[in-house]
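Trainee: coords please:
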Amino acid sequence: MDIELYKRVVINQNIPPSNIYAGDIAWLLDFVPHPSGGEEGCVVEIFNALGDSIAVVVVPRSAISPLQQDQVLSVRTIQKVS
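Mentor: Residues are numbered from 1 along each chain as shown. Okay, here's the model as predicted:
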């Protein structure tokens, strides 16, 4: 399934070191090759519910999916990284 740059995507797996979780919505900013030939990465930006940027991270391409018509947006409280 093609994923377009500069579109919203859903994170489909937890990325605990980055405090990003399945169900979070992100903007896809770029694709980056893996330095040793592994899975392509995606640069995504995560925003809070008010639209403030809270993180820019690289995740594996398999960790994102396009938003679908039958999905509903939700909110969660940001967990503090300890």
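Trainee: residue ranges with poor pLDDT in this structure?
Mentor: 1, 81-82 (pLDDT under 70).
Trainee: now the strands for it?
Mentor: Secondary structure of the chain (DSSP state E): strands at 8-11, 25-32, 41-47, 53-60, 64-66.
Trainee: Need the contact partners of the second one.
Mentor: By CB atoms under 8 Å, 6 or more residues apart in numbering, the list of residues contacting strand 25-32 from outside reads 3-11, 20, 40-47, 56, 58, 61, 64, 67, 73. Yep, even glycine has a C-beta here, placed from its N, CA and C like the rest.
Trainee: Among those residues, name the buried ones.
Mentor: 9, 10, 11, 20, 41, 42, 43, 44, 46, 58, 64 (16 or more other CB atoms under 10 Å).
Trainee: What is the neighbour count of residue 19?
Mentor: Neighbourhood size, residue 19 [other CB atoms under 10 Å]: 16.
Trainee: do residue 12 as well
Mentor: With other CB under 10 Å as criterion, residue 12 counts 13.
Trainee: thought it was touching residue 22?
Mentor: Yes - judged on CB atoms under 8 Å, residue 12 makes contact with residue 22 at a distance of 5.7 Å.
Trainee: who's in contact with residue 10?
Mentor: With contact set as CB under 8 Å, 6+ apart, residue 10 has these partners: 23, 24, 25, 26, 64, 65, 66, 67, 71.
Trainee: May I have the beta-bridge partners of the closest residue to the fourth one other than its chain neighbours?
Mentor: Taking CB to CB, 6 or more residues apart in numbering, and ignoring the residues beside it in sequence, residue 26 has residue 44 as its nearest neighbour in space, at 3.8 Å. Using DSSP bridges, the beta-bridge partners of residue 44 come out as residue 28, residue 57.
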